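> Model the structure of this input:
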Amino acid sequence: MGAHVVTLYHAQGCHLCESAQRVLATVRAEVAFELDEVDITGDPELERRYRERIPVVAVDGEEAFMHFVHPDGLRRRLAG
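Okay, here's the model as predicted:
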């Protein structure tokens, strides 16, 4: 089985997004996964879907976290 894919939906100037990026970097140093960062800024469809909830983190296409990324929760998702 290949590595998990973690997608971070974020926007410019979002302090919660910056925090999520730090958590993802910390966990990624321990557990291998592919990281896909999607900046929603200026994309009307992505803005509509995610703006009020960013950062949103999906693991293998399934939304797992919004607003805050819990490191232990992410580790559990990646272990499963």
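> Run a quick neighbour tally on the closest residue to Asp36 other than its chain neighbours.
Of all residues not flanking Asp36 in the chain, Thr7 sits nearest, at 4.5 Å (Cβ to Cβ, 6 or more residues apart in numbering). All C-beta atoms are positioned from the backbone trio N, CA, C, and that covers glycine. Thr7 has 18 neighbouring residues, counting by other Cβ atoms under 10 Å.
> what's across from Thr7 in the sheet?
Following DSSP bridges, Thr7 is listed with bridge partners Asp36, Ala58.
> doesn't Glu34 make contact with it?
No: taking contacts as Cβ atoms under 8 Å, Thr7 lies outside contact range of Glu34: 9.1 Å.
> now Ala64: how far from Pro44?
25 Å (Cβ to Cβ, to the nearest Å).
> scratch that, Gln12 is what I was asking about
Taking Cβ to Cβ, one finds Gln12 at 16 Å from Pro44.
> This protein: helices as residue ranges?
For the chain, the helices defined by DSSP state H cover 15-28, 44-50, 71-79.
> Those helices: which one's closest to Val59?
Taking Cβ to Cβ, helix 71-79 is the member of the helices of the chain nearest to Val59, at 4.8 Å.
> which other helices and strands contact that closest one?
strand 4-10, helix 15-28, strand 56-59, strand 62-66 (3 or more Cβ pairs under 8 Å, 6 or more residues apart in numbering; DSSP states H and E).
> Going by contacts, tell me the helices and strands next to the first one.
Packing partners of strand 4-10 (3+ Cβ pairs under 8 Å, 6+ apart): helix 15-28, strand 33-39, strand 56-59, helix 71-79.
> ok, 7 Å please
helix 15-28, strand 33-39, strand 56-59 (3 or more Cβ pairs under 7 Å, 6 or more residues apart in numbering; DSSP states H and E).
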